[in-house]
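**Student:** model this:
(2 chains)
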Protein chains: 2
Amino acid sequence: MYQVEKINRKIGFILLSITVSMLMTACASTKGGTSTGPLTIQQQGSFAVGGTVITNPGTFDPIKDGAYNPVNQSSTGQTLHGDHAYVFYQIPKNARKLPLVFWHGHGQSAKTWETTPDGREGYQNVFLRRRFPVYLIDQPRRGRAARSTKPLNITAAPDEQLWFGIFRLGIYPNFYPEVQFSKDPEALNQFNRQMVPNTGSYDAQVNIDAVSSLFSKIGQGILVTHSQSGGLGWRTAIKNNNIRAIVSFEPGADFVFPEGEAPDSIKLSGRTIIPPSVPMADFMKLTKIPIIIYYGDNIPEQPSLNPGQEQWRVFLSVAKQFRDVVNRHGGDVTLVHLPEIGIKGNTHFLMSDLNNLEIANHLSEFLKMKRLD
Amino acid sequence: MYQVEKINRKIGFILLSITVSMLMTACASTKGGTSTGPLTIQQQGSFAVGGTVITNPGTFDPIKDGAYNPVNQSSTGQTLHGDHAYVFYQIPKNARKLPLVFWHGHGQSAKTWETTPDGREGYQNVFLRRRFPVYLIDQPRRGRAARSTKPLNITAAPDEQLWFGIFRLGIYPNFYPEVQFSKDPEALNQFNRQMVPNTGSYDAQVNIDAVSSLFSKIGQGILVTHSQSGGLGWRTAIKNNNIRAIVSFEPGADFVFPEGEAPDSIKLSGRTIIPPSVPMADFMKLTKIPIIIYYGDNIPEQPSLNPGQEQWRVFLSVAKQFRDVVNRHGGDVTLVHLPEIGIKGNTHFLMSDLNNLEIANHLSEFLKMKRLD
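**Tutor:** Modelled structure (predicted):
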């Protein structure tokens, strides 16, 4: 039974790859192209969702303490609403049923999914054109959801050469050969300016709770994660049944495994990473929904001295174990390592890379095959 | 000559008021209404604009320092791009020539102009429907432009009862009678969650420079400010001739005056406010463009012990002096204190108040009269 399912899955994947190849050929003329025609938006807006309230003891006195005093403001008896997510949504005309809910990664905001660093349309517009409602999240303590119940000291420490490596644009100062990132200096300028700091201490559970609240509010949808939100996405799907599928772009190491089936701890650049375990009943929820995971290029097979590559070699190997464990328990995980299907040069930001339409086409085909569109 | 201009202006204002009253009657059926039909968006996207780069001394080593280390990250030889503005724009089909560039106030982001706290359409949608291109700013060190070249300690101190008063919702915990703010608790929840902290030390010049860069990039437009950005707006218009008009919702006390013509310093709740002066040649630039300033309700005429009202009494009195000085020098400033034209109950956030369409109609009529539409 398990073998049959595995073979079925393999055939499914081969068919998917062939279909996508055909589609890519058919769509060659739009590759790298920008918008075509206007977007017809039935509804758009924004809101906060989830979060908590903290209250200071005492009674607020609107006369005595009601003046703005940036130096010595009393907070007696006052409240702070924080730790919510901020969400901007657009629903196109003749929309498909299931929305795509886009969740950014570490150091990012919903900007990740908007205009690409080189000025083309991001997945916000690309999937609106494909008639998906889109929801773009700024997670708690980030961007327009910056109001945090916990303090943080923002250091403004320069770190962009680090991210140039970890985001696999290249080995600083050199881009990888044939990288899918524009060499126009303005593209790197825009890319660097996408970064935003945390505005409160990082707390995975706060993020999971807020995004789960979003799905409780909007109903069923497809969660699209990137990098750090990958690990959060697995747990959010365990928490909320409204997540009907997960699309995970380059998730980090924090895949979840059933208790007793997690890989051993991993040493990575002096850190020890322990893949987290969850009770089997929780884990099994991940076997009930289609999951597709994408990784880009320049991830070596053998250990590398370059930390910007080594990290992804390790994460990809854990991803393969995750796929195998979920599928062994009857799940439906597809892992796409893009170079293996002939798509080369992708960075960690494959949704905004120069060939992002190719990858969008692959994803559209997957959603179609799984009847999620 | 000056008297004739003054009379002309007065007649213009009376005509404006009559026209707006007629318009308001004509539009009564849409008052408080939400969207009608889809929006057709020719183009939408986002970008960073302006800002600076800081660079640490030394040489970055991608092998030695290329691993993410949240505890002890080296920043040797690394850069940080910060202090830019983030801008989301939408250009409707058959767009008018001049865009509206919306700039939020203290503690806010572009959310100010999106969905209102009670869930109706904000000025983003309202003016898209009126065929204006819209640009929504997150100013430097705020929201999605949070990356700052200067550090800051975010304290997460509760302060919402303070803002309830200063934003003139009421005297906490009571709303003002007939306030144009929904009594649904969810509206106040959403309103509180709109707040976002600074992510670097506040620097007026950094904000002015970034928004001026925006106008250099997009060309001529109409700047719409709120509260804190009011004071920044005067200086941005002095710096950049592409600002063709200013719409200022409840600007703060930092109006600019020509040297020698500034009002005396003002005492306000223990602070001393000195209205800033600029060289006459700079000031005269403000006399070349139409300016309209709006203030809402519950601003007393006599000194008040309630700091949430007293502040606005003082600011409104400085606004009147600003209007008179600009107009004396040949300028074109209209100051609308809404209760004086029969529009009651408005808070500090009149663009998102329950009657925001009435005020949008007034503004549309102003833009039409000034041939800015």
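**Student:** Name the nearest residue to A:Gln190, ignoring sequence neighbours.
**Tutor:** Leaving aside its sequence neighbours, A:Gln190 sits nearest to A:Pro117 (C-beta to C-beta, 6 or more residues apart in numbering or on different chains; 4.2 Å). To be clear about C-beta, it is placed using only N, CA and C from the backbone, and glycine gets the same treatment.
**Student:** Now do the contacts for that neighbour.
**Tutor:** A:181-182, A:187-188, A:190-191, A:194, A:352 (C-beta atoms under 8 Å, 6 or more residues apart in numbering or on different chains).
**Student:** So which of those residues is the closest to chain B?
**Tutor:** Nearest to chain B among those: A:Gln190, at 5.8 Å, using C-beta to the nearest C-beta.
**Student:** In which helix or strand does the closest one reside?
**Tutor:** Taking DSSP states H and E as the definition, A:Gln190 sits inside helix A:185-193.
**Student:** And the residue lying closest to A:Gln321 once chain neighbours are set aside, how far from chain B?
**Tutor:** Nearest non-adjacent residue to A:Gln321, counting by C-beta to C-beta, 6+ apart: A:Pro263, 5.3 Å away. With the distance defined as C-beta to the nearest C-beta, to the nearest Å, A:Pro263 ends up 20 Å from chain B.
**Student:** what about A:Pro263, which SS state?
**Tutor:** A:Pro263 falls in the coil class when you classify it by DSSP: H, G, I helix; E, B strand; the rest coil.
**Student:** Can you verify my assumption that it contacts A:Ala319?
**Tutor:** No. Assessed by C-beta atoms under 8 Å, A:Pro263 is found out of contact with A:Ala319, at 11.0 Å.
**Student:** hmm, back to that, most surrounded residue in the contacts of A:Pro117?
**Tutor:** Most neighbours among the contacts of A:Pro117, by other C-beta atoms under 10 Å in any protein chain shown: A:Ser352, with 27 neighbours.
**Student:** That residue against A:Gly122, yeah?
**Tutor:** Yes. Contact criterion C-beta under 8 Å: A:Ser352 and A:Gly122 qualify, at 5.6 Å.
**Student:** what is in contact with those two at once?
**Tutor:** Shared contacts of A:Ser352 and A:Gly122 (C-beta under 8 Å, 6+ apart): A:112-113, A:116.
**Student:** Tell me which of those residues fall in strands.
**Tutor:** Secondary structure defined by DSSP state E assigns none of the shared contacts of A:Ser352 and A:Gly122 to strands.
**Student:** Now distance to A:Ser304 and pLDDT too, for the residues you listed, in TSV please.
**Tutor:** TSV is the format used below for those (distance: C-beta to C-beta, whole Å; pLDDT from 0 to 100):
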residue	distance to A:Ser304	pLDDT
A:Thr112	26	98
A:Trp113	30	98
A:Thr116	28	98
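**Student:** Let's have those residues in a markdown table, adding neighbour count.
**Tutor:** Output for the shared contacts of A:Ser352 and A:Gly122, formatted as a markdown table (neighbours: other C-beta atoms under 10 Å in any protein chain shown):
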| residue | neighbour count |
| --- | --- |
| A:Thr112 | 25 |
| A:Trp113 | 26 |
| A:Thr116 | 26 |
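**Student:** can those go into CSV with extra columns for distance to chain B?
**Tutor:** Shown next, in CSV, are the shared contacts of A:Ser352 and A:Gly122 (distance: C-beta to the nearest C-beta, whole Å):
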residue, distance to chain B
A:Thr112, 10
A:Trp113, 10
A:Thr116, 9
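**Student:** which one of those sits closest to A:Ser229?
**Tutor:** For the shared contacts of A:Ser352 and A:Gly122, the minimum distance to A:Ser229 (C-beta to C-beta) is 9.7 Å, reached by A:Thr112.
**Student:** For the closest one, give me its contacts.
**Tutor:** Applying C-beta under 8 Å, 6+ apart, the residues near A:Thr112 are A:102, A:104-105, A:122, A:194, A:226, A:349, A:351-352.
**Student:** Same question for A:Ser265.
**Tutor:** Here A:Ser265 is in contact with A:272-275 (criterion: C-beta under 8 Å, 6+ apart).
**Student:** Would you mind giving me the ChimeraX syntax to select the buried ones in those?
**Tutor:** Applying 16 or more other C-beta atoms under 10 Å in any protein chain shown to the contacts of A:Ser265 leaves a buried subset, and the ChimeraX line that selects it is:
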select /A:273,275
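**Student:** circling back to that earlier point, give the members of the contacts of A:Thr112 that are also in contact with chain B.
**Tutor:** Under the cut-off given by C-beta under 8 Å from any C-beta of the partner chain, chain B has A:122, A:194 from the contacts of A:Thr112 close to it.
**Student:** Could you dump the contacts of A:Thr112 into CSV and include secondary structure, pLDDT and distance to B:Gln139?
**Tutor:** Listed next are those as CSV, based on DSSP: H, G, I helix; E, B strand; the rest coil; pLDDT from 0 to 100; distance: C-beta to C-beta, whole Å:
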residue, secondary structure, pLDDT, distance to B:Gln139
A:Phe102, strand, 99, 24
A:His104, coil, 98, 21
A:Gly105, coil, 98, 24
A:Gly122, coil, 98, 22
A:Gln194, coil, 98, 17
A:His226, strand, 98, 26
A:Phe349, coil, 98, 25
A:Met351, coil, 98, 27
A:Ser352, coil, 98, 24
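**Student:** Tabulate the contacts of A:Thr112 (a markdown table), appending distance to B:Asp83.
**Tutor:** Formatted as a markdown table, the contacts of A:Thr112 follow (distance: C-beta to C-beta, whole Å):
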| residue | distance to B:Asp83 |
| --- | --- |
| A:Phe102 | 27 |
| A:His104 | 21 |
| A:Gly105 | 23 |
| A:Gly122 | 23 |
| A:Gln194 | 14 |
| A:His226 | 25 |
| A:Phe349 | 23 |
| A:Met351 | 27 |
| A:Ser352 | 23 |
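**Student:** Among the contacts of A:Thr112, which one lies nearest to B:Gln161?
**Tutor:** Among the contacts of A:Thr112, A:His104 lies closest to B:Gln161 (C-beta to C-beta), at 32.5 Å.
**Student:** which non-adjacent residue is nearest the closest one?
**Tutor:** Of all residues not flanking A:His104 in the chain, A:Thr112 sits nearest, at 4.3 Å (C-beta to C-beta, 6+ apart).
**Student:** tally of neighbours for the nearest residue to A:Glu114 once chain neighbours are set aside?
**Tutor:** Nearest residue to A:Glu114, sequence neighbours excluded (C-beta to C-beta, 6+ apart): B:Ser46, at 4.3 Å. Look at B:Ser46: counted by other C-beta under 10 Å, it has 22 neighbours.
**Student:** In the stretch 1-150 of chain A, where is pLDDT below threshold?
**Tutor:** A:1-35 (pLDDT under 70).
**Student:** Neighbour count for A:Pro263 and A:Ala319, which is higher?
**Tutor:** A:Ala319 (24 against 16).
**Student:** Can you classify that one by secondary structure?
**Tutor:** Assignment for A:Ala319 (three-state DSSP): helix.
**Student:** same check, this time on A:Leu214
**Tutor:** Going by three-state DSSP: A:Leu214 is helix.
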